[in-house]
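> For reference, the sequence and a predicted model appear below.
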Amino acid sequence: MSDLPTSASAPPRAVIAQTIARILERVNAISADGPGFTRPSYSALESQAHAVVEAEAVALGCLVRRDAAGNLFATMPGQNRAARPLYIGSHLDTVSQGGAYDGQAGVIGALAVLTAFHSAGLTPPMDLVLTITRAEESVWFPVSYAGSRAALGRLNPEDFDAPRSDTGLSLAEHMALEGFDPEAVRSITPPEPARFLEFHIEQGPVLHDAGEAYAVVDRVRGGLRYRSAEVHGIWAHSGGAPRASRADAVVALAELILSMDAVWDRFLDEGNDLTVTFGKVDAASPQHAMAKVPGHAEFCLDLRSDQTDTLEAANAALLREVARIEKARPGVRFDLGAQTRPAPAQLSGEMARFVTAGAAAQGDDPRHMLSGGGHDAAAFGAAGWDSVMVFIRNWNGSHCPEEGMDEADLARAVGAVFLAILQEAAG
């Protein structure tokens, strides 16, 4: 391939669009039965999707390696191999019955950037590293960013014992089943911090409502989560137990949900960033019945904010509400269980300016915005990398079969990153 031109040339838009369409179709053909798309973390389906993109990268002349945890890195060598590389990527695992774009769009956008350079016959100024992480979706293992944190040498010892939600086998066992070495993962030497860019669909309606194709993400909400919480009451006969003597677990949980909804309102009114989600409510075990006062219910709670202090304050409010309900309803007891905490992340201003410069070169002025969901970019940022995200407009929600994305929007964002790299090389 040739050296870069002295000024930014137009992205090869037809090649970018064709790459996105073709590889999205190939990757999404790999799934468990629908509706939607299901590729569990550390499963054969996730591995097969990795293999599709790996073959494409090899065809571009990339140098491919996997680390001990199975994260894939495909390097397109740059003119200056000693320059700080630019890693671009995302993940290919999905939630159960997820959408066609969450994770996939980020990986395929990264591949499209490399394809654009190859098609134009240009050698990038620095190494471009297509990055596909494992196990980003923590619905499978109760571990945030398991694959990227493994690559960065930041998994905790207890994370390896986390059970997968469908099989009960541990993270370490599933790593081994896919041919990787969990013992080697425990001793991964953290790589030298570099730059990381992640394309991803927005998991909300902001860009769609505004009619904007893409945006630059400069911060990512953290979370404070109770994944396996319970409320215990007293089982009783639905006709025989008078109101005053009941300890109804479902009513107590309903009261907690409504009280935390009011807490959320108050925090927003005070100018705090917060979301409160009771994502699973289960009172349908075989012990429950039409003629019973419920004595037990299970739930999960996900608090998110871009500020750790806000998460702490919301958690304190939760504990006060739990204590109040327990006092008002004798016989009711909450057990919130273990707590997990993916930290809020401030992403790189330098990288945000990098993307913005490329966008300006094609006449775009993308907004800067917050990511409500957690992403691998946050894990890279927490490890000291200069990390940024580029959101792509979507509709019909996220983590669901109805996810929507216009491939032309992703192609536009890929073009901005292609031009950003050329702009940087031109000085």
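Okay, I see it.
> Which neighbouring residues are in contact with residue 357, exactly?
Counting by Cβ atoms under 8 Å, 6 or more residues apart in numbering, residue 357 touches 419-420, 423-424. For every residue, glycine as well, the C-beta is placed using N, CA and C.
> Apologies, that question was intended for residue 302.
Counting by Cβ under 8 Å, 6+ apart, residue 302 touches 223, 225, 275-279.
> follow-up on the earlier one: dump the contacts of residue 357 into TSV; add pLDDT, secondary structure and neighbour count as well.
Listed next are those as TSV, based on pLDDT from 0 to 100; DSSP: H, G, I helix; E, B strand; the rest coil; neighbours: other Cβ atoms under 10 Å:
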residue	pLDDT	secondary structure	neighbour count
419	97	helix	23
420	97	helix	25
423	91	helix	16
424	89	helix	17
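> Most widely separated two among those?
Using Cβ to Cβ, the pair of the contacts of residue 357 lying farthest apart is 419 and 424, separated by 9.6 Å.
> and which of the contacts of residue 357 is nearest to residue 194?
Closest approach to residue 194 among those (Cβ to Cβ): residue 424, at 14.1 Å.
> Quick one: list the elements packing against whichever helix or strand residue 417 is part of.
Element membership for residue 417 (DSSP states H and E) is helix 407-426. Secondary-structure packing of helix 407-426 (3 or more Cβ pairs under 8 Å, 6 or more residues apart in numbering; DSSP states H and E): helix 13-28, helix 104-120, strand 195-201, strand 214-220, helix 349-361, strand 386-392.
> Just put those in CSV and tack on mean pLDDT.
Below are the helices and strands packed on helix 407-426 laid out as CSV (pLDDT from 0 to 100):
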stretch, mean pLDDT
helix 13-28, 98
helix 104-120, 97
strand 195-201, 98
strand 214-220, 95
helix 349-361, 97
strand 386-392, 97
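> closest to residue 320 out of these?
Of all the helices and strands packed on helix 407-426, strand 214-220 sits nearest to residue 320, with 27.9 Å by Cβ to Cβ.
> can you tell me which residue is nearest the centre of the chain?
Nearest to the geometric centre of the chain sits residue 375, at 3.5 Å (Cα atoms, centre = their mean).
> looking at it, it is touching residue 200, isn't it?
Yes - between residue 375 and residue 200 there is a contact at 5.9 Å, judged by Cβ atoms under 8 Å.
> which residues are common contacts for the two?
Contact criterion Cβ under 8 Å, 6+ apart; residues shared by residue 375 and residue 200: 90, 389.
> Chain neighbours aside, what residue packs nearest to residue 388?
If the residues on either side of it in the chain are set aside, residue 388 comes closest to residue 351, at 3.5 Å by Cβ to Cβ, 6 or more residues apart in numbering.
> need the contact list for that neighbour.
195, 197, 386-388.
> Alright, I will stop here.
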